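J.: Compute the structure for the input listed below.
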Amino acid sequence: MRKPIPSLAAILAGLALADAAGAANAAEDGALAAANPFLARTVDTPVHLAHAILVKAIPDRDATVTDVPEEVLLTFNEGVGNDFLALAVVDGEGKRVDNHDARLDFTDRSKLRTSVSKLNPGRYMVRYRVLSADGHVVSGKYFFQVQNP
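T.: Numbering: from 1, shown residues only. You can find the predicted model right below:
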């Protein structure tokens, strides 16, 4: 005769009881542990609840520069993924002036860069798109100005 399959509610209730008992035992031992191995992942793994934020840009947002940059470098508050990765530099006439070589830094995945061709004086727009650690795509843009020295 087959044993009845427990309902999902019964399984979840059992997990909650096991976790509560494990937490009580851990508290008595003075250690942080989870009784349920499936729930232990939430203790050991950092949770990323926020999207990646652009924290630094070279050239900076709304900057006026006289030293013509050879690349645009963006730094985010966390490492980002390769999926959906995009970085473009566009001149005032809408023409791309980057070399279509956007890439993440090999040792620091919070840094996204692209090289640019010789920039003439004028206003430029930087457009970017990255995949946050939380799985959300983040995009944005900013402007900078190149002037003659």
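
J.: Please make it C-alpha for all contacts and neighbour counts, starting now.
T.: Noted.

J.: Quick check: which ranges of this structure have low pLDDT?
T.: For the chain, applying pLDDT under 70 flags the ranges 1-49.

J.: so where do the strands sit in it?
T.: 54-58, 64-65, 71-76, 81-90, 103-104, 111-115, 122-131, 137-146 (DSSP state E).

J.: Kindly reformat those strands as a markdown table and extend each row with distance to Arg96 and mean neighbour count.
T.: As requested, the strands of the chain are exported to a markdown table (distance: least, Cα to Cα, whole Å; neighbours: other Cα atoms under 10 Å):
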| stretch | distance to Arg96 | mean neighbour count |
| --- | --- | --- |
| strand 54-58 | 17 | 15 |
| strand 64-65 | 19 | 16 |
| strand 71-76 | 13 | 20 |
| strand 81-90 | 4 | 18 |
| strand 103-104 | 16 | 19 |
| strand 111-115 | 12 | 21 |
| strand 122-131 | 9 | 20 |
| strand 137-146 | 14 | 16 |
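
J.: In contact with the nearest residue to Val130 once chain neighbours are set aside, which residues?
T.: Nearest non-adjacent residue to Val130, counting by Cα to Cα, 6 or more residues apart in numbering: Leu85, 4.8 Å away. Contacts were defined as Cα atoms under 8 Å, 6 or more residues apart in numbering; by that measure Leu85 touches 102, 128-131.

J.: and if you look at Val89?
T.: 96-98, 116, 124-127.
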